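[1] Need a 3D model of the following:
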Amino acid sequence: MQARRLAIMSIVVLALLVGIGIPATAGSGATGWPGATAWAAVQQPQSVPRIGSKAVLGETSIDGPALATTYAPQTVIAWAGTDALHHLNVMVSAPQNATSYTTAQKIVLGETSLWRPAVAFIDSGRGAPYGTIVLAWTGTDPDHTLNMAFIATPALTVTSKVTFWGETSFTAPAVTTINGDINSDIYLGWTGTDPAHTLNILHRTTNPVQNAKTTLWGWTSISRPNLATDLSAGTSARLLLGWTEANNHLYFATSNNGVQWNRPATSPLTAQSAWAPSIVGFRAPSGPMYWVAWTGNGTTTTRYLNVQFTTHYPNWTDPLSSTTLGEYAISGPALAQFDSGSAVIIGWAGTDPLHHLNVAVVTPGM
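    Have a look, this model is predicted:
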């Protein structure tokens, strides 16, 4: 009799579970029982950000990589190699796979650097696969002068090079573009070789060619800055700047012209790092989306990767928006928008003996 009662109770419990529904696990592809979709929508986000697809490239670097989106989800990755002279390398992913790279879409430049380059992309107006990769780097000349090259896609042909004589840095530069066509405005950022290591922004127009430099006096960095184009508004763009100060805290600022900048009085994050953060802003289906990634401060064993997103920039208070990934890097990571959704591509140089490059898709836990 007792066994029969237990069996009846089990059936009742099972029926209740079916009635209320259980949400499908993120990424499982299951549709769930009745009510699962509605429940999931109410409970968003369900978990912290996580890595989806990941690739470990056969390429190695003395520093982390630079990343930029060409025609989403295609990306371009650039790095300084581990060869004796540290030549610059550029490689473009497969058109529909941001983490799939082959040497068929790679060039090794005759240029060298002691740090990673920076990379951006200009849409030619003709659509995929045509455009221009903008590559910026700090030279290996005695003064460590800043340089910029323009590389046509899909042939990966270097069409021109500019050397910014008199502009020098002790680390890697940053670069981004606004307007997205052949007449795009290019913004170059770097940390100066002055005693304070002051941040600088150079605005370069291509038609006509003009260079306008702004020195952000009082804004200093222990590492390279990060520059990105903020597309979160959808129809207009502004600049995003990220850097790490001597207190190892991460700072961010925005600008509509590269001259006047707005920044919080204090760092909006409690995180600390010995390297530069990477920040991107874009328009997701649900609205504005910002991501930041950084490498944790400490010894080699604590160089873990961290990511956080916000839909309320400049506040970083979204629930379940931050996580420490199970990955380690020798320096700061790089971010780029993945596609028209809310995900990003993250790239880094691993702490394995050869420092292989890694790329992965990171999604919010929604």
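[2] what's the spacing between stretch 248-262 and its chain's center?
    Distance, stretch centre to chain centre, for stretch 248-262: 17 Å (Cα atoms, centre = their mean, to the nearest Å).
[3] Start and end of that stretch, how far apart?
    Stretch 248-262 has an end-to-end distance of 20 Å (criterion: Cα to Cα, to the nearest Å).
[4] Adjust the sequence numbering to begin at 51 for everything that follows.
    All set: I'll call the first residue 51, so the last point we hit is now stretch 298-312.
[5] which residues make contact with it from outside it?
    237, 251, 253, 262, 264, 266, 269, 272, 280, 288-295, 313-314, 317-319, 321-324, 327, 329, 342, 344, 347, 364 (Cβ atoms under 8 Å, 6 or more residues apart in numbering). C-beta: built from backbone N, CA, C; applies to glycine.
[6] can you pull the buried residues of that stretch?
    Applying a neighbour-count criterion of 16 or more other Cβ atoms under 10 Å, one finds 299-305, 308, 311 buried in stretch 298-312.
[7] and if you look at stretch 119-138?
    119-132, 136-138.
[8] tell me which element the nearest residue to residue 278 once chain neighbours are set aside is part of?
    Sequence neighbours aside, residue 290 is the residue nearest to residue 278 in space, at 4.4 Å (criterion: Cβ to Cβ, 6 or more residues apart in numbering). Following DSSP states H and E, one finds residue 290 within strand 288-294.
[9] name the helices or strands packed onto that strand?
    Other elements packing on strand 288-294 under the criterion 3 or more Cβ pairs under 8 Å, 6 or more residues apart in numbering; DSSP states H and E are strand 235-241, strand 248-256, strand 276-280, strand 300-305, strand 328-334.
[10] now those as a markdown table including mean pLDDT and distance to residue 408?
    Compiled in a markdown table, those are given as follows (pLDDT from 0 to 100; distance: least, Cβ to Cβ, whole Å):
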| stretch | mean pLDDT | distance to residue 408 |
| --- | --- | --- |
| strand 235-241 | 96 | 25 |
| strand 248-256 | 94 | 28 |
| strand 276-280 | 95 | 18 |
| strand 300-305 | 96 | 21 |
| strand 328-334 | 93 | 14 |
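[11] could those be laid out in CSV, adding distance to residue 358?
    Formatted as CSV, the helices and strands packed on strand 288-294 follow (distance: least, Cβ to Cβ, whole Å):
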stretch, distance to residue 358
strand 235-241, 22
strand 248-256, 22
strand 276-280, 14
strand 300-305, 10
strand 328-334, 10
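[12] With respect to residue 209, which of those strands lies nearest?
    For residue 209, the closest of the helices and strands packed on strand 288-294 is strand 248-256, at 12.0 Å, according to Cβ to Cβ.
[13] Mind listing the strands the helix or strand just after that closest one pairs with, and their directions?
    Counting by DSSP H and E, the next helix or strand C-terminal to strand 248-256 is strand 259-270. The strands that strand 259-270 pairs with in its sheet are strand 248-256 (antiparallel) (by DSSP bridges).
[14] so residue 139 sits right up against residue 131, yeah?
    Yes. If you go by Cβ atoms under 8 Å, residue 139 and residue 131 touch, sitting 5.5 Å apart.
[15] joint contacts of those two?
    109, 158.
[16] contacting residues for residue 200?
    Contacts of residue 200 (Cβ under 8 Å, 6+ apart): 182-185, 208-211.
[17] Where does it fall, secondary structure wise?
    Judged by DSSP H and E, residue 200 forms part of strand 195-203.
[18] any idea which helix or strand comes after that strand?
    With DSSP H and E, the next secondary element past strand 195-203 is strand 207-218.
[19] Okay, angle between that next one and strand 259-270 too, please.
    50 degrees (axes from the mean of the first three to the mean of the last three Cα atoms, to 10 degrees).
[20] Flag every buried residue along strand 207-218.
    Judged by neighbour count (16+ other Cβ under 10 Å), strand 207-218 contains these buried residues: 208, 212, 214, 217-218.
[21] end-to-end on stretch 251-267?
    Terminal-residue distance, stretch 251-267 (Cα to Cα): 11 Å.
[22] how much distance is there from it to the middle of the chain?
    Counting by Cα atoms, centre = their mean, stretch 251-267 comes out at 23 Å from the chain centroid.
[23] Pull out the buried positions in it.
    Buried residues in stretch 251-267 (16+ other Cβ under 10 Å): 251-254, 256, 264, 266.
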